[in-house]
Structure formats: structure tokens, C-alpha cells
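S.K.: Just a sequence and a predicted model for now, questions to come.
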Amino acid sequence: MRVVADLDLCQGHQMCTGEAPDVFGFDADADRVVVLQENPDESLRPQVDAAVKYCPAMALAIKED
């Protein structure tokens with residue numbers, strides 16, 4: 001899987017960092033998400049799925065390789 005963040009949609013809610021802190025970080029200066037692992041291990045899929053699901057701005061997606 002490949003994690004994609006649409007930085008134009010991101011509103012800085014940081015829900016993703018709570019759901020999948022190993023995959024998502026936060027750039028306070030830009031007030032936007034940072035993808036720490038573009039291709040995270042499959043074992044992190046439940047956390048990434050939750051981050052995508054609960055993103056209020058719908059700025060996250062999973063692309064299958």
C-alpha cells in the first residue's frame with residue numbers, strides 16, 4: 001500500500017497522528033500533515049485505515065501498489 005495525503009485538503013486536525021503516529025506526523029509551521037512512511041508495513045494497515053476513515057477533511061487515501 002502507498003499512503004497519499006492531499007495537502008491542499010489538509011486542515012491540520014491531526015487526527016491521523018493519533019490513529020497512526022508511526023505513519024503520519026505534523027508540520028506545525030505549515031499546519032499540515034507529513035507522511036512519515038509512504039509505504040508502511042502491512043501490519044500498520046488497521047491504523048492507516050482508521051486515519052483515512054477519521055480524517056475530517058478527507059485528505060488521506062490508500063493506493064494499492
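M.R.: Now that the structure is in, tell me what you want to look at.

S.K.: Now tell me what touches stretch 7-23 from outside.
M.R.: Counting contacts by C-beta atoms under 8 Å, 6 or more residues apart in numbering, the residues outside stretch 7-23 that touch it are 3, 24-26, 31-33, 35-37, 40, 44, 47-48, 50-52, 54-60. (Each C-beta comes from the backbone N, C-alpha and C, glycine too.)

S.K.: Swap in 6 Å and give it another go.
M.R.: 24, 26, 31-33, 36-37, 40, 44, 47-48, 50-51, 54-57, 59 (C-beta atoms under 6 Å, 6 or more residues apart in numbering).

S.K.: what's the answer for stretch 35-52, then?
M.R.: Residues contacting stretch 35-52 (C-beta under 6 Å, 6+ apart): R2, V3, A5, C16, E19, A20, V23, G25, L60, I62.

S.K.: Buried by neighbour count, from those: which ones?
M.R.: V3, A5, C16, E19, A20, V23, L60 (16 or more other C-beta atoms under 10 Å).

S.K.: Quick check: the farthest pair among the residues you listed?
M.R.: A5 and E19 (13.2 Å; C-beta to C-beta).

S.K.: now the longest helix along the chain, how far from the centre of its chain.
M.R.: If you go by DSSP state H, the chain has its longest helix at helix 45-54. Offset of helix 45-54 from its chain centre (C-alpha atoms, centre = their mean, to the nearest Å): 8 Å.

S.K.: Kindly report the same for stretch 9-19.
M.R.: Distance, centroid of stretch 9-19 to centroid of chain: 7 Å (C-alpha atoms, centre = their mean).
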